[in-house]
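Asks: make a model of this:
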Amino acid sequence: MSRQPDAVELLRTAREVLLGQLLPALPESLHYQARMIANAMAIAAREQDAPARPNLPREHELARAIRHGAHDDGSARQELLAIVRGKLKTSNPRLLAAYPEGNG
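Replies: Residues are numbered from 1 along each chain as shown. Next up is the predicted model:
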């Protein structure tokens, strides 16, 4: 009995077909749109593959505190960097790789 592919595998396979077979057959005027779709598929696969984000309530709490001036001294900087790095890990890992840990 063969195993059914999961959502991440389906997205990655579909993206490979889009970029490898369909994109070259499309007119140049549609390449941008096809690459946009491929990028959205890659993000969706990473989101599906990523662990749940349990810190979301803390993120909202921190944002509220910042709006009220609680961290005007910069005390939330490291926590904010961790939040942004977590989001970039899913949405744009290449950009994240360009900024080594601690240089944010």
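Asks: show me the domain layout of this structure.
Replies: Here the domain parsing of the chain from automatic domain parsing is 1-49, 54-104.
Asks: JSON lines for the ones you listed, including mean pLDDT and mean neighbour count?
Replies: The way it works is simple: take the backbone N, C-alpha and C, and place the C-beta from them, glycine included. Conversion of the domains of the chain to JSON lines gives the following (pLDDT from 0 to 100; neighbours: other C-beta atoms under 10 Å):
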{"stretch": "domain 1-49", "mean pLDDT": "93", "mean neighbour count": "13"}
{"stretch": "domain 54-104", "mean pLDDT": "83", "mean neighbour count": "12"}
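Asks: mind giving me the packing neighbours of the strand or helix carrying Ala44?
Replies: Counting by DSSP states H and E, the element that carries Ala44 is helix 31-49. Applying 3 or more C-beta pairs under 8 Å, 6 or more residues apart in numbering; DSSP states H and E, we find helix 31-49 packed against helix 7-17, helix 23-25, helix 77-91.
Asks: let me have the ones you listed in CSV, extended by distance to Leu62.
Replies: CSV is the format used below for the helices and strands packed on helix 31-49 (distance: least, C-beta to C-beta, whole Å):
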stretch, distance to Leu62
helix 7-17, 30
helix 23-25, 41
helix 77-91, 6
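Asks: of all those helices, which lies closest to Ile66?
Replies: Counting by C-beta to C-beta, Ile66 lies closest to helix 77-91 out of the helices and strands packed on helix 31-49; the figure is 8.2 Å.
Asks: only alpha carbons, please: show the closest one as CSV.
Replies: Output in CSV follows, covering the C-alpha atoms of helix 77-91 (Å, rounded to 0.1, in the frame of the first residue of the first chain):
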residue,chain,number,x,y,z
ARG,A,77,14.4,44.5,21.2
GLN,A,78,15.5,40.9,21.5
GLU,A,79,12.0,39.6,21.8
LEU,A,80,10.9,41.6,18.7
LEU,A,81,13.9,40.3,16.8
ALA,A,82,13.0,36.7,17.7
ILE,A,83,9.4,37.3,16.5
VAL,A,84,10.6,38.8,13.2
ARG,A,85,13.1,36.0,12.7
GLY,A,86,10.4,33.5,13.2
LYS,A,87,8.2,35.1,10.6
LEU,A,88,11.0,35.4,8.1
LYS,A,89,11.9,31.8,8.6
THR,A,90,8.5,31.1,6.9
SER,A,91,8.0,34.0,4.5
